[in-house]
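1. the sequence and its predicted three-dimensional model are supplied below.
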Amino acid sequence: MSFIPFATAAWLFVIGLWGIVASTNMVRTVLCLTVVQSSTYLVLVGIGYRSGGRAPIVADIPAVTKLVDPTVQVLVLTDIVIEAAVTALLLALVVQAHKRFGSVDPAELRTLKD
Amino acid sequence: MTHLTVLPIAVPLIAGALLVALRPLASRWLTDLTSLAAIGAAIALCAILLAKAARQPFAYWLGGWRPNHGVTVGISLSIDPFGVGLALFSAVLVAAATIYSIRYFDAVDGLFQVLMLLFCAAMLGFCLTGDLFNLIVFFELMGAVAYALTAHRVEERAPIQGALNFAITNSIAGYAMFVAVALLYARTGALNMAQIGATLDGHPADPLVIVAMTMLFAGFLTKAAAVPLHFWLADAHAVAPTPVCVLFSGVMIELGIYAVARIYWVIFAGPMHAHLIALRAILIATGVITALVGAVMCTVQRHVKRLLAFSSISHVGLFVCGIGLFDPHALAGIATYVIGHGLTKAALFMCAGVLLHRFATIDEFDLHGRGREVPAAGVLFAAGGLLLAGIPPFTIFAGKSLLEQAADTTGCSWLIAVFVIVSALTGGAVLRVAGRVFLGWGPAEGPDPQQEQAARERVDENLDRREHTPPTMLLTPAVLLALAAAVALIPGAIPAIAQGAAQFTDHAAYQAWILRSLPVHWPTAASSHVSTEDVLYGIISTAGALAAAAIGLFGRPLREALPRRLGVPAVSVIHGLRRLHSGHIGDYIAWWTAGVSLLGGACLLALR
């Protein structure tokens, strides 16, 4: 098992967080959020991978064939569905923010300063 | 009969989908009636399941994928008294919030009720599921619906910002938990919580397990709003429509606490047993910081909904301390406290909603004396403040006494001082608002002109004023407060909760009834008696709350007379704390990252 997917995932998680912290544009903030999330896909698929394993479609292959783990792939699908919904909602909110504030810079949104 | 188990989740989901489909046809009253009927059905179903689980907890296997010789690949709904009891409590609060919202909004397009139904389904699923991945999925569903509800008044500025901060923070928490689930799956090959726990049993805690545990704790503590993962909460509470705040503070953040307790006792109790002292220190430190920061921030607010939000953060701190005691009595105390706190806080938010509905402002100083027009709300608000302060012998007091007794027996009796301070400060802040708004006591001008201006700039919901408050908007909080007072006084309620806590914390028995369908019997939990000391602490915190309220109202000359050596550092600490709550999402995520790294670092160092 290679460490590359996990190292890449850790990198994506951290760089996505940094992007959100440093962002001056809410659209970029939302995209960085999807970068953070893509690290979870890599972890999941990396865990299910078996070297030399075939895609887990079992209709027409011998029963003894080595397969990659289908469970984590299903989890990734669920993960993607959630991401699609949340990203759509967030981008809609950013559009609204642009309409109401006239800006998408998080530093310009100043209604909640304590 | 057992197929009933999925219905509490399915009924609100299906009703929500139907309402979306029939939206062009359905009139307002039909929409309200359908959603109330669906929530009523969910309440009844949860009550049936609770009665069944109280006799014997049971697992329902979706699609009939039952475990084979104690090994499972199926997905279960695991019905035990605590989980289903919390589900029942959530459904009751959703019903109350829906009834309240009928007259609160002038015009609703039906989507609000749909979102409330989905929120209800997600919370019930979260309470009932026995599968770790489903727990995270319900967390995400609950989140997605909650973001949309927060931004329900999307034509205003503040809700958009609040919803963005809420959504981004909680999404990141969710992703951290996805990674944790993946790590646990890699180690155990299981997603069912009982199965993961059984596989981890007997192995020492290694870094992978510790990292997975930290990420799960961090994720759920973000939902529960523990400092410094809490920044989203005050923003979301300040801007969300009042019926939604009722659910956020009343039960949603407590679900985070429930999940931390559940995953500790089901999954990690085996490998972590040897490190109990270190883990206790970490959780109690988090809890105490949360409790104190929340209490201080609560007392300096003038935006009433923000004040209530910080009060919730403060109480979450107490719950985290309670979990950290790792004791069934403490858990029973938390459960009792959560019921009392949820009902009281829901009623207080509803009273704040009455003010907002009538006067189109929620600023304490703007409202100075104007609350005299709605004296009933004033009585309710003051009663809520006293209950929050832990006045004997009501539900919050009963929960707090259990927590205090547990703290005493675990050798952390100094925690009692924290509990008393939190009760006094948060209860006192509410009483202060009651005195200023409903009686016109104290000065009408705020101490800080800068804050004054910020309050003016803030756009609030429902900009029209009204001459009349609908009776349902006062009746609903009255009923909730009556419940908040009465629950612990029902004979047998506290022993039943203690019994549930004993079951909840029994790591081995949980695996037995889920994976092997074995009937389990627990000895009847010893009923604890409220001691004179507990009553004394209750009286002290109530008196402290009254004193804090009096200082808040009339204490300005006193504050100016304070010696500079003492006054200046205190003021600068409070200023510093408030500047941290900047509303800037980048700052919040920086704090989140720092908090999680600190938690992870502490766990890795201390739990080896």
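-> Nice, thanks for sending it over. Numbering: from 1, shown residues only, chains lettered A, B, ... in the order given.
2. ends of stretch B:219-236, what's the gap?
-> By C-alpha to C-alpha, to the nearest Å, the extent of stretch B:219-236 from end to end equals 17 Å.
3. likewise for stretch B:234-245?
-> 10 Å.
4. show me what counts as buried in the helix or strand B:Glu560 falls within.
-> For B:Glu560, the element it lies in under DSSP states H and E is helix B:556-561. The neighbour-count check on helix B:556-561 (16 or more other C-beta atoms under 10 Å in any protein chain shown) flags nothing as buried. (Each C-beta comes from the backbone N, C-alpha and C, glycine too.)
5. which residues does it contact?
-> B:Pro443, B:Pro447, B:Ile551, B:Gly567 (C-beta atoms under 8 Å, 6 or more residues apart in numbering or on different chains).
6. quick one: the helices in chain A, in order.
-> For chain A, the helices defined by DSSP state H occupy A:4-22, A:26-48, A:70-101.
7. follow-up on the earlier one: what would the contacts of helix B:556-561 look like in TSV with secondary structure and distance to chain A?
-> Shown next, in TSV, are the contacts of helix B:556-561 (DSSP: H, G, I helix; E, B strand; the rest coil; distance: C-beta to the nearest C-beta, whole Å):
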residue	secondary structure	distance to chain A
B:Pro443	coil	21
B:Pro447	coil	15
B:Ile551	helix	21
B:Gly567	helix	21
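8. in TSV: those, plus pLDDT.
-> Formatted as TSV, these follow (pLDDT from 0 to 100):
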residue	pLDDT
B:Pro443	83
B:Pro447	72
B:Ile551	88
B:Gly567	74
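9. next one, pLDDT for the residue most central in space within chain A please.
-> For chain A, the residue nearest the mean C-alpha position is A:Gln37 (2.2 Å; C-alpha atoms, centre = their mean). A:Gln37 carries a pLDDT score of 93 in this model.
10. any low-confidence regions in the chain?
-> No chain was given, so I picked chain A. By pLDDT under 70, the weakly predicted segments of chain A are A:1, A:112-114.
11. the chain in question should be chain B.
-> Ranges of chain B meeting pLDDT under 70: B:1, B:107-108, B:448-463, B:525-528.
12. ok, now which ones touch the nearest residue to B:Gly70 once chain neighbours are set aside?
-> Distance criterion C-beta to C-beta, 6 or more residues apart in numbering or on different chains; nearest residue to B:Gly70, sequence neighbours excluded, is B:Leu515 at 4.6 Å. Neighbouring residues of B:Leu515 by C-beta under 8 Å, 6+ apart: B:Pro67, B:Gly70, B:Val71, B:Thr72, B:Asn192, B:Ala194, B:Gln195, B:Ala198.
13. related to what we said a few turns ago, between the contacts of helix B:556-561, which is closest to B:Ile48?
-> B:Ile551 (49.5 Å; C-beta to C-beta).
14. ok, how many other residues are close to the closest one?
-> 15 (other C-beta atoms under 10 Å in any protein chain shown).
15. apart from its chain neighbours, what residue comes closest to it?
-> Nearest one to B:Ile551, counting by C-beta to C-beta, 6+ apart, is B:Leu558 at 6.7 Å.
16. next one: the one you found from B:Val573, what distance?
-> 19 Å (C-beta to C-beta, to the nearest Å).
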